[in-house]
Structure formats: structure tokens, C-alpha cells
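Undergrad: Please find the sequence and the predicted model below.
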Amino acid sequence: AQVVESGGGLVQPGGSLRLSCAASSGAYTGYSAIAWFRQAPGKEREGIACINLKNGYTYYSQPMKDRFAISADNAENTVFLQMNSLKPEDNAVYSCAASSVAARGCSLLVMAYRTWGQGTQVTVSS
């Protein structure tokens, strides 16, 4: 299955957005964890948060923990990234990725994720 992001767009500083990551086939068959990453122009990709689909374990990059929240709706086969108090420095392409190697936890190691979405642009500007 492929993963598809949605929910990006233009938001004012201080605003919120909720991104969605859905399995294109309707199910995360064979995958055990989903993670969100972002990449701003001229910068390296950075991990935001991940969630284990089997037990709900979550892990956050420390700088993101206060404003971002990851969650999963297993019935809808969708993982969400709630982003609050957005700042211009949050401008980036946000991508979700699926891993089949996570056991009971998850990580933000790029090499653990073999299926990536195309990304969705988030622009924070007044």
C-alpha cells in the first residue's frame, strides 16, 4: 500500500492545521508504524513524530513535542498530525512514511521507513 498525505495549506502564524496520512489501499497492511517528517527548502529532512499502529506507542522529536501531536484512527486507517501554534519556521513539505520493521515502538530513523508519500506543503504566513 502507498501512503497519501492531505491537509496542508496556508495558515497564519499562531494557527493550527491537522495533516492526515491515509493508506491508498484503505489499509496499512504489513505496516507497523507511521511517522511524520518535514523538509524545508535548503534544509535536511527532520523527523517529527511516529506512532506504532499495533499498540499506540508514540515518540516525538523533542523540539516538536510541545506543539505537535500524532494520533491514529485504526478504523479509518489514517494517522493524523495535529500542529498548533504554527510559526513561519514550520514552513516545509510534510511527509508521512510507513515502516514494517517496528516491533513494539517506533523511531524517527529515515532508513526504517520504506514507503513514503508525496508530501503536503505547509505555509505559515500572514
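TA: That came through, no problem.

Undergrad: any low-confidence regions in this structure?
TA: Applying pLDDT under 70 to the chain picks out residues 1.

Undergrad: let's go with 80 and repeat that
TA: By pLDDT under 80, the low-scoring segments of the chain are 1, 26, 102-103.

Undergrad: hey, where'd the strands end up in it?
TA: Applying DSSP state E to the chain gives strands spanning 3-6, 9-11, 17-23, 33-39, 46-52, 58-60, 68-73, 78-83, 92-99, 115-116, 120-124.

Undergrad: tell me which strands and helices the fourth one is in contact with?
TA: So the one you mean is strand 33-39. Other elements packing on strand 33-39 under the criterion 3 or more CB pairs under 8 Å, 6 or more residues apart in numbering; DSSP states H and E are strand 17-23, strand 46-52, strand 68-73, strand 78-83, strand 92-99. Glycine gets a C-beta too; all of them are placed from N, C-alpha and C.

Undergrad: show me the contacts for the residue nearest the centre of the chain.
TA: Residue closest to the average C-alpha location in the chain (CA atoms, centre = their mean): Trp36, at 2.3 Å. Contact analysis of Trp36 by CB atoms under 8 Å, 6 or more residues apart in numbering lists 19, 21, 47-50, 68, 70, 79, 81, 94-97.

Undergrad: Any figure for the gap between it and Arg45?
TA: Plainly put, Trp36 is 11 Å away from Arg45 if you go by CB to CB, to the nearest Å.

Undergrad: same deal with Gly119?
TA: Gly119 is 10 Å from Arg45, by CB to CB.

Undergrad: Tell me which of these two has more neighbours.
TA: Between Gly119 and Arg45, counted using other CB atoms under 10 Å, Gly119 has the larger neighbour count: 16 against 13.

Undergrad: For the more buried one, list the residues it contacts.
TA: Per CB under 8 Å, 6+ apart, neighbours of Gly119: Glu5, Gln39, Val93, Tyr94, Ser95.
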